[in-house]
Every structure is written in structure tokens, then in C-alpha cells.
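> Need a 3D model of the following:
(chains A and B)
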Amino acid sequence: MEPQYNPARTEREAQSHWRSTGAFRAREDAAKPKYYCLSMFPYPSGKLHMGHVRNYTIGDVLTRYHRMRGCNVLQPMGWDAFGLPAENAAIANAQPPAAWTYANIAYMKRQLQSLGFALDWERELATCDPRYYRWNQWLFLRMLERGLVYKKTGVVNWDPVDQTVLANEQVIDGRGWRTGALVEKREIPMYYMRITAYADELLDALQRLPGWPERVKLMQANWIGKSHGVNFGFPYALDGERRVMRVFTTRADTIMGVTFCAVAAEHPLAEAAARRDPQVAAFVEECKRGSVMEADLATIEKKGVPTGIFVTHPLTQERIEVWVGNYVLIGYGEGAVMAVPGHDERDFAFAKKYGLPIRQVIEVPGKRFSTDAWQPWYADYGVCVRSGKYDGLDYERAVDAIAADLARLGLGEKQVQWRLRDWGISRQRYWGTPIPIIHCDACGDVPVPDDDLPVVLPEDCVPDGSGNPLAKLPSFYACQCPKCGRPARRETDTMDTFVDSSWYYLRFCCPDNDAAMVDERTAYWMPVDQYIGGIEHAILHLLYSRFWTKVMRDLGLVAVEEPFTNLLTQGMVLNEIFYRKGEGGRIAYYNPADVEVKLDDAGKRLGAVLRADGRAVESDGIGTMSKSKNNGVDPQALIEQYGADTARFFIIFTSPPEQSLEWSDAGVDGAHRFLRRLWAFAAQWRPALLETSKMRAGSVAGHAYPGDLAARAPHVAKLRREIHGVLGQANYDMQRMQFNTVASAAMKMLNALQEAAVTQPGALADELRLALHEAMSILLRVLYPITPHLAHTLWHELGFAGELMDAAWPEVDQAALETDEIELVVQVNGKLRGHVRVPKDADRASIEQAALAVDAVRKHTEGKAVKKVIVVPGKLANVVVA
RNA sequence: GCCGGGAUGGCGGAACUGGUAGACGCAGCGGACUCAAAAUCCGCCGGUGGCGACACCAUGAGAGUUCGAUUCUCUCUCCCGGCACCA
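Residues are numbered from 1 along each chain as shown, chains lettered A, B, ... in the order given. Purely as a prediction, here's the structure:
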């Protein structure tokens, strides 16, 4: 054994040992409880970043821990390989996305392997592989057959210069990222998946996911957004035709306060008004410019124009004017809303701005209504006033009565409304799963027959930013109609990459099956016992995966109701974002490693410059590490300098998993120092520990301190008390997944070991030797999930039995924790004033007496009446004085 | 704007069910070893006052509940994530 820690050699040897023994190959084994541990697979952006290291280290810790607890573990890895960055890289480097992606996968795979994760690489998959995405296409066709896929128009960002559809990410301040042209909204036909058909179940089943964080379930519930209300119509006549404008409201109790209505720019009424009023037309045009993002729509100034069209209030017969409002969403509800400025904040602001009437129709006791300024209580539930026959009714009764009256008129009914919209999966892009549809002039949209799957994506295209290259590639799109055999055109849109990631966890169970999407092996491994990934996926990816699983269940393909039993949402790894704005609004991002932050003498920040040219760069604050913002930190330098175990230990130690983390490598030295110190300690005491290992090799208890040998020496008893006390905490922390304090626990154990060992530097007494042996065995097992190479190597070097990865997780010896006396905290009026030692089984009265006898307590209670003494057994005594 | 989360020393963080605030580290300071440096080891290390014993203040800000609040409640500020075409 080398006297000094050599991470490169340790890791090389441990990894080759694991590789040659196939240590992490997962096989179905009905005899053992299974544990499927999955980390969200990475997008192959080029290099791993710290977020990946954090994510996969957490997964690895859990996988190795559960294996020691006796589980048959599966931890697979794959590549979320389709997506936009590959096309961006293609534009920049004139290289096909496929070549770029495969090169990135090869590099990142080596990085993952160098980190020593216990992955079953035989199950590796990449979503850009036709053997994978053919099943996207296959399931798409099954969903199409069942009406779960349909076609309708959707709104996209259109760059008029490049003649291409832009992702939201590619729109910066309303302009195309490459051209700087003002982006327009455009409606195009797209395929949708009917996730709304599962809205009720997706919401309901959240209650049966106790292993998910409450906040994620809350976010999903809010996203699905079930609301109860009334859908009703305002009759009107237009061009001599009698029609009805439908709206949905959750506040039907305020219906008598309607003073106007508002419709979205895309609403038929707005279009009708635009045809005869140029002002309305201009406003509708204005609304069609700008972003399609909800966040932008929500923050823009609320504006509108009157259409000159009037509808009839269904209950009062009042004439109500219709406005076009830029804040009304065509995609939500009916694209039209009734406006009650008295009791809706948005409507109030709108009415104030345009001088429209505001009417109070809800009263809350003790509150005074005024049209001067909005007050939050205006939106509260109360009692109807100035509402004719509904006066005096509370919310529930008013809604019931109004819904009944509207129903009698044939104009409305109660309705459940969802915020959730169907999932648009069409992308006008090249690097994705081709949608298996053929457009025939005679037969319409014809599904590609199953026998013709997969529709293979050509891998040699180089996008140039001006639209989808597939649409310019006759060898791809030219085809025959499967129905009539006449020339036809293949669909050139591809699928949203969320499709790929919606079921990869199922494919990991049976990645080698070329005949079926999934097979019976999913019954063994599914559901995923522990899923780990960034909190940024709390809604979309996780909701789509839940939906997809339910669809597959209904198709009889899998048996599970929900894909992920337990979810750990990892906090983001953040770093500062630096950029420069070039001509035409183009933005270039610079990696923080290449930027120097300038400080003044007082340490105040003056600015930042790019090291390469010394010119200033702007800061865009801190944000999640990403390819697009170029603020990732490559872990490679860290691994090369310190080794994988240090990188793993550091990322685990520096923060609890769920917390977001601003990247800083301060402290890496400390992590490395600890591992060196542990190695040196092991090397120093190796002869004694080896000898003890030999002596105890046949012991059933393994490495536990023998129960028949009482630890009489105080320093031995102290060591055992400390080790087992820390172990108890570590076990608790492991279970609640607070791994940073498990790492701390390992450090505390080494500190205790060193302290105990120096107490008797000469010949080791048997008692101490056995206690050190036991403590070291516990320490290595606790540390193994975090720093497996080092722990594995020391385990062998010190002669501990068997393979560490299959050693049983250590348990606390309660006998080691016992003491005769305990120390209690003594407070006066809740303030710490001293300590007192009492027998461990002391009763309340004697504790009270002991507390009152403490000098500091006497000083602070002198001349005052003691009202009572609060005794918390085992913890404290608090003397309360007047 | 809406939904979800967070804020504790110079820094990362700890404090289990409301019970010793600052575990474990980093950085810093002082010392030992050394010709010297690195490595290693020992000590100190929230703030203010005091030689000291000790006292007071302190968990983003402000209020409240409690014998006692980092922990529970309310209001506010700032930061992070999501908002349906980044993944």
C-alpha cells in the first residue's frame, strides 16, 4: 500500500476491477427486492457540467447505498440526443447535427465513466437512434388511431427574414436571434396529443404519490388548473345573423357587475370588427406581433380597442360593448371573457384606463367600496348586492341560482374548466423524430404503415438557419401514398424532444428488444423507485411522462399507473452569465472562466472584462448552467487535478441535494485533504488493522466490536460512543437524502479515530485495536457510496472481508451509546445560563432541584419569584421568573 | 404578472418533533516542523463592550404566538426555478 493517496491509480484500478467483474450489470432476480434508480439523462451538449456531476453523484450514492441494503439495483444511462443545440452547432460549424451529437456522446460517456458511476452501460440508449425513435412513431400511430393525436392550428414565432419558425429561446426582445428581424406570430397546422383527456386522472393521482415533494405536486396541480365555473353565452346579432359569444367564468356571482366584454385578437368577433374598422384592424395586427410566451403576455401593458359590436347581457338584456384586449388568450377557455371591473383587478385597471363603468355587486362586511383605487378585498367572496333577485346570496348560492337561470334560458351551464392545454408536438425542425404521416392530395393525411417504420431521419443534413432542411430534401419527402400509391409528400415536421424523454425509463428495462417497444421486463423493474433530476423539470417533463405512462397502460403495454415512485428534485447549479450585445441585437455569451471581474480597493465590483480582449462584458445575473448561456463549468479539470472521488465528495458535501447552488470551487481543497488524511491514517495503522481483520475474519458479526468484551477504557468507550452516535445521525440523513451531512459524518468519524489513536501512541491495547477496526469498517461503508474508489481500495488493503459494494450497511450498536450521566442545558427565562450533569434517569423533581442550584441560575433568580420550572427530559430545564 | 422555492459568520453549510445558533469544512490569523518552501500538525476564529469572569446584540426586514422561535403565523424586500418551441 502506498503511504500517500494516489487518486489516479486508485480510480483506474477500482474501475478496471468493476469492469472486469461486470459489477454493475443488472439482471432480473425475483429473489431480491428491486431498486430502479434513475437520474434524468443528459442532453449531449459537449461536456458534462457541474449540474450533471451533482445529479449523477446523487443517483450513484443512492444506488450504491441500496445495494448495500440488499437490493437488486438498476442504474442505467442514456442520451437525450435530439434537440435544438445540435442544429445551432451545425449552423455555427457547418457540421451535421448527427456527427456533432455522436462526438459529444463519446466524450461525455468517457467523462461519466471516469467518475466511476455504478451504471449498467449495456443498457445505454440514444434517442436519435432509429431503434429508439421508431417506437415514438409507433406509439404516435397508436394514439392517432385512438383519437389521442389530432391536428389543428397552433401559433408559432415566425422570423420573416430567415423564413423559419423560432423557438422561444431564439426570440430576444421580440427579434430573431440571428437576423434581428421583428418576430411575428403565425398560425400553422400541427399535431397535438390529447393530454387533456387525462387531466382528471393526472390531477387525482398526485394524491397517490407520497414519495414526491409537495411543492412539485402543488406546481403540477396548479398547472393542470381545474376550476369550476359557468360557461354561458351573450347573444348578439351580426350581419343579420343571430349568434352567441361564449365565455367562461369562475365568478358567475358577479355577473350583474358586467360592464363590458373582451375578446382575444384571434377571436371571430375581433376579426369581424377588424374587417370594418381600420383602427380595430391595426390593433389586431399589433397584437399579432410580439411574443407567444405567456410570461410576456402577462407583463405587457393591458390595452384594448372597442369593436363597436354589442352583445346582450343574458340576464339583464343590457347592451354590453365588446372590446379587443391584448390580455385575453385565445387558447384558454373560449377566447372571450366577461369583464367585471368591480371585482377583478385586471378588469378594474382596464376600466380605469378607458373610462368604462365600474359597478360594485359584492359586499364584504366592514369594507367600503370605492372606484378610486383597487383594493385586494374586491376580489373576495362575499354577498351579492345590486344584483336584483340574487341580492343577499353568498358565492355558492349565487352561482347555483345564476347557473340555473342561464340554463333555463338555454344560454349556459356549470362547467369544469382546465388550464392544461393539449400538447403540441410538431416542430418545424430537422433534428428530431420524423412524424410518420404522408400527405396525399387524394387521400389526405395517411399514417405510415407499421411495416414501414421507422421513418428514418437522414443523418447528413446541415441546417443553415433558413427553415427545415428536410423540406428541401426530395429524397426524404418524396414518397408514394400508402393507400392509393400515387406520388405524395412525407411530413417534414419532427416531434418535440419531450416525446423522447417521456418513456426512456421504460426502454431501459429492455433496450435490446427490436420486436416491441417494451416487454415483460418492465414488469420487474417498473416503476422507477427513485427518480432524480433538476427542479426545472417539475412540470413539463414529469407531467408528459406521467401522461405517456397512462397512455401506454391503457394500450396494455405496461402495468404501472405512475412511472416514478419517489422523486428527488435536485437544486440547480448556478453560475454568473456574461454577455455582449452585438450589432443587430445579436447576443454572444462568454464563459465565466474567461471573464475577469474587476473590484475596487474596497472590494466593490466595478465591472467585468473578457480576458481575451480586455473589453467590458455585461452581467445578466446568475442562472442555471446551460449550453445556451455558456456559463457551465467543465468538471474535467477538477477530476484531473484531484480525482473523481474528490469531485464527488465535494459536490455532495457542499450543499444538500434539493438546494440550488451557486458554483464556487472554494473548499475542493478541503475535500481532497480529508481523503488524503483518511488514506494516510489507513496506511499508518494498516499493520494493526490487518492483523485484527485476520483475527476476526470468521466472525459472523463481521467487523462489529465483540459484545462480550466490554469497553472499559474510557477513551475506547468514548470512541465507540462517538462513532455510533455519528452513525445514527448519518443513517437518518441517508434516509432523508441529506447527503452533505453524511459526508460531514465521515469527517467526524475520522476526527474521532485520529483522536482515539493518538491517546495511546505506543503498543495498541486489544480493546482500542478492536474499536479502531470496527470504526474503520463503519467509516469505509458510510463513505463508500460517495467515494467508492477510495473506500473500495482501503477495504481490501485493510483486509476487510468480501466486496465492499455488497457489504451490509452498518447499524448502530445501542450499547455503545449508553452513559451514566447526561448534561442538561439550564436556562432562565429561555436564556442559556449554564449546564448541569444529572444521572440519566433523574426524575423531574431532582432535575429541577439541580437546575435551581446552579450558581449562574441563582445569580439570575436572586430576589425574584420563581414562577415555574419547565423540564424537557434529556434536554433542558428552563427556570421562569417574574 | 401568475405558480413554486429560498435567504443563517468573510464563504459553503449544520441545528431531527419549537429547546445550547454556527456542527463539519473553506478562507483568514498565530504557532510547530523546515536552511527555506510545499505538505503535515497544534491553537484562535459571528459582532459590540470588558484585562477577565462575563454581559448585551445577532439566523434577509418588520410584527405576532410561546416559558423558549433559524424552526409556527402574517406583512414586506431581494434572489432562484417554471410559465407550454432550451432541455
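
> In space, what's closest to A:Lys353 - neighbours in sequence excluded?
Excluding the flanking residues, the one nearest A:Lys353 by CB to CB, 6 or more residues apart in numbering is A:Lys302, at 7.3 Å. Where you see a C-beta, it was placed from the backbone N, CA and C, and this is true even at glycine.

> Provide a list of residues in contact with that neighbour.
Taking CB atoms under 8 Å, 6 or more residues apart in numbering, we find A:Lys302 in contact with A:Gly325, A:Asn326, A:Tyr327, A:Arg346, A:Ala349, A:Phe350, A:Lys353.

> Now tell me which of those the prediction trusts least.
Least confident of the contacts of A:Lys302 in the model: A:Tyr327, at 84.

> my guess is that residue contacts A:Thr299, does it?
No - using CB atoms under 8 Å, A:Tyr327 is not in contact with A:Thr299, being 10.2 Å away.

> Those two: who's more crowded?
It is A:Tyr327, of A:Tyr327 and A:Thr299, that has more neighbours when counted by other CB atoms under 10 Å, with 19 against 9.

> Just give the closest residue to that one, not the sequence neighbours.
Spatial nearest neighbour of A:Tyr327, chain neighbours left out: A:Lys302 (4.9 Å); criterion: CB to CB, 6+ apart.

> try A:Leu832
In space, A:Leu832 is closest to A:Val825, 6.3 Å off (CB to CB, 6+ apart).

> what residues are up against the residue in the stretch 751-882 of chain A that RNA strand B sits nearest to?
Residue nearest to RNA strand B within the stretch 751-882 of chain A (CB to the nearest atom of the strand): A:Gly830, separated by 2.6 Å. When contacts are counted by CB under 8 Å, 6+ apart, A:Gly830 is found next to A:Asn878.

> and it, what pLDDT?
Predicted confidence (pLDDT) for A:Gly830: 87.

> in the stretch 401-550 of chain A, which spans are strands?
Here the stretch 401-550 of chain A has its strands, by DSSP state E, counting those that start in this stretch, at A:412-418, A:423-424, A:426-427, A:437-440, A:444-447, A:478-480, A:487-490, A:494-495, A:528-534.

> so can I have a markdown table of those strands showing distance to RNA strand B and mean pLDDT?
Putting these into a markdown table (distance: least, CB to the nearest atom of the strand, whole Å; pLDDT from 0 to 100) gives the following:
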| stretch | distance to RNA strand B | mean pLDDT |
| --- | --- | --- |
| strand A:412-418 | 8 | 94 |
| strand A:423-424 | 5 | 96 |
| strand A:426-427 | 5 | 98 |
| strand A:437-440 | 16 | 98 |
| strand A:444-447 | 17 | 97 |
| strand A:478-480 | 23 | 97 |
| strand A:487-490 | 18 | 97 |
| strand A:494-495 | 10 | 98 |
| strand A:528-534 | 7 | 97 |
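
> where in chain A is pLDDT low?
Low-confidence segments of chain A (pLDDT under 70): A:583-585, A:599-604, A:697-704, A:706-712, A:759-764.

> what's the longest helix in it?
helix A:668-695 (DSSP state H).

> Just the element for A:Ala845, please.
helix A:844-853 (DSSP states H and E).

> and the following helix or strand past that helix, what does it pack onto?
As assigned by DSSP H and E, the chain's next helix or strand after helix A:844-853 is helix A:855-861. Judged by 3 or more CB pairs under 8 Å, 6 or more residues apart in numbering; DSSP states H and E, helix A:855-861 is in contact with strand A:821-828, strand A:831-839, helix A:844-853, strand A:876-881.

> Name the next helix or strand following helix A:855-861 along the chain.
Scanning onward from helix A:855-861 (DSSP H and E), the first element met is strand A:866-872.

> List the buried residues for that next one?
Buried residues in strand A:866-872, counting neighbours by 16 or more other CB atoms under 10 Å, are found at A:Val869, A:Val871.

> tally of neighbours for A:Met734?
The number of residues packed near A:Met734 is 20, by other CB under 10 Å.

> do you know how far it is from A:Val292?
Distance, A:Met734 to A:Val292, by CB to CB, to the nearest Å: 46 Å.

> Ok, A:Pro85 next?
Remark: distance between A:Pro85 and A:Val292 (CB to CB) = 21 Å.

> Strands of the stretch 201-350 of chain A, residue ranges please.
So, for the stretch 201-350 of chain A - with DSSP E, counting those that start in this stretch - the strands run A:226-238, A:241-249, A:260-263, A:304-312, A:319-325, A:336-339.

> Quick check: the residue lying closest to A:Tyr381 once chain neighbours are set aside vs A:Phe564, distance?
Residue nearest to A:Tyr381 in three dimensions, not counting chain neighbours: A:Tyr395, with 4.3 Å by CB to CB, 6+ apart. Distance of A:Tyr395 to A:Phe564, given as CB to CB: 38 Å.

> quick one: which of those two has more around it?
Neighbour comparison, A:Tyr395 and A:Phe564: the larger count goes to A:Phe564, with 25 against 17 (by other CB under 10 Å).

> show me where the stretch 651-800 of chain A has helices.
Assigned by DSSP state H, counting those that start in this stretch, the stretch 651-800 of chain A shows helices spanning A:668-695, A:714-735, A:739-759, A:766-783, A:788-797.

> Please list the residues of the stretch 601-750 of chain A that sit near RNA strand B.
Counting by CB under 7 Å from any atom of the strand, the residues of the stretch 601-750 of chain A close to RNA strand B are A:621-624, A:626-628, A:653-656, A:659-662, A:664, A:666-667, A:669-671, A:673-674, A:676-677, A:729, A:732-733, A:738, A:740-741, A:744, A:747-748.

> Just the buried ones out of those, please.
Buried by 16+ other CB under 10 Å: A:622, A:624, A:626-627, A:653-655, A:661, A:671, A:674, A:676, A:729, A:733, A:738, A:740-741, A:744, A:747-748, out of those.

> what's stretch A:90-109 in contact with?
Stretch A:90-109 is contacted from outside by A:42, A:44-48, A:79, A:81, A:86-87, A:89, A:124, A:126, A:128, A:178, A:430-431, A:459-465, using CB under 8 Å, 6+ apart.

> How far off centre is it?
Offset of stretch A:90-109 from its chain centre (CA atoms, centre = their mean, to the nearest Å): 26 Å.

> What of stretch A:23-37?
The chain centroid and the centroid of stretch A:23-37 are separated by 26 Å under CA atoms, centre = their mean.

> Any idea how far apart the tips of that stretch sit?
16 Å (CA to CA, to the nearest Å).

> Tell me the buried residues in that stretch?
Buried residues in stretch A:23-37, counted by 16+ other CB under 10 Å: A:Ala23, A:Phe24, A:Ala26, A:Lys34, A:Tyr35, A:Tyr36, A:Cys37.
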